[in-house]
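>>> sequence-free structure coming up:
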């Protein structure tokens, strides 16, 4: 039996981050990209013959961290500074956030691979609840401009 999949690209985000552990590269410095991500939806078709409504993030009834999923994506990636929770300079970034210099977002780890995993985990839980387990996220591709991408895939393929 075949599987149905659809994909959606979410783009138009500008964010800054650093990978503080990458001491031997320039990635340890703050740097920014226009970022986007492609999400693979997989599951049974609904009554409209869709795996997932392409505008479903805007029209969703459920939330991610208490926000509409589209609003959550904007909150996380639109003109933000994203810092790893174990970054030794986190206190400095928190001060800049409190002073209104940056919009700080703290996540477990930074970098394209970790962003793909973070987005996958947030969206997969939301999608499964929203669709009553009819749909899951099979993978997320995170893109730093058009040259660098990283993919995180579901273990259950």
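Good, I have the coordinates. Everything quoted here is computed from the prediction, not taken from an experiment.
>>> and the strands in the protein?
Along the chain, the segments classed as strands by DSSP state E run 4-17, 31-43, 80-84, 104-107, 135-144, 148-153.
>>> which one of these lies nearest to residue 92?
With distances scored as Cβ to Cβ, the stretch of those nearest to residue 92 is strand 80-84 (9.5 Å). Quick note: C-beta positions are derived from backbone N, CA and C, even for glycine.
>>> quick one: list the elements packing against the closest one.
If you count contacts as 3 or more Cβ pairs under 8 Å, 6 or more residues apart in numbering; DSSP states H and E, strand 80-84 packs onto strand 4-17, helix 90-98, strand 104-107.
>>> now do the last one: everything it contacts.
Yep, that's strand 104-107 we're talking about. With contact meaning Cβ atoms under 8 Å, 6 or more residues apart in numbering, strand 104-107 is reached by 75-76, 80-85, 90, 93-94, 96-97, 114, 118.
>>> least trustworthy helix or strand in this protein by mean pLDDT?
helix 56-59 (a mean of 90; mean pLDDT, DSSP states H and E).
>>> now that helix, how far from the centre of its chain.
Relative to the chain's own centre, helix 56-59 is displaced by 15 Å; criterion: Cα atoms, centre = their mean, to the nearest Å.
>>> before we move on, what about stretch 119-139?
For stretch 119-139, the distance to the chain centre is 13 Å (Cα atoms, centre = their mean).
>>> so what's the most centrally placed residue in the chain up against?
Per Cα atoms, centre = their mean, the C-alpha nearest to the average position across the chain is that of residue 119, at 3.1 Å. Taking Cβ under 8 Å, 6+ apart as the criterion, residue 119 is in contact with 37, 39, 140, 142, 152.
>>> count the neighbours of the third one for me.
What that stands for is residue 140. 25 (other Cβ atoms under 10 Å).
>>> what bridges to it?
residue 39, residue 152 (DSSP bridges).
>>> you'd agree it is up against residue 36?
No - assessed by Cβ atoms under 8 Å, residue 140 is found out of contact with residue 36, at 11.0 Å.
>>> for this structure, which helix is longest?
As assigned by DSSP state H, the longest helix anywhere in the chain is helix 112-130.
>>> where in the chain is pLDDT low?
Counting by pLDDT under 70, the ranges of the chain that qualify are 1-2, 156-157.
>>> make it 90
1-3, 55-56, 145-147, 154-157 (pLDDT under 90).
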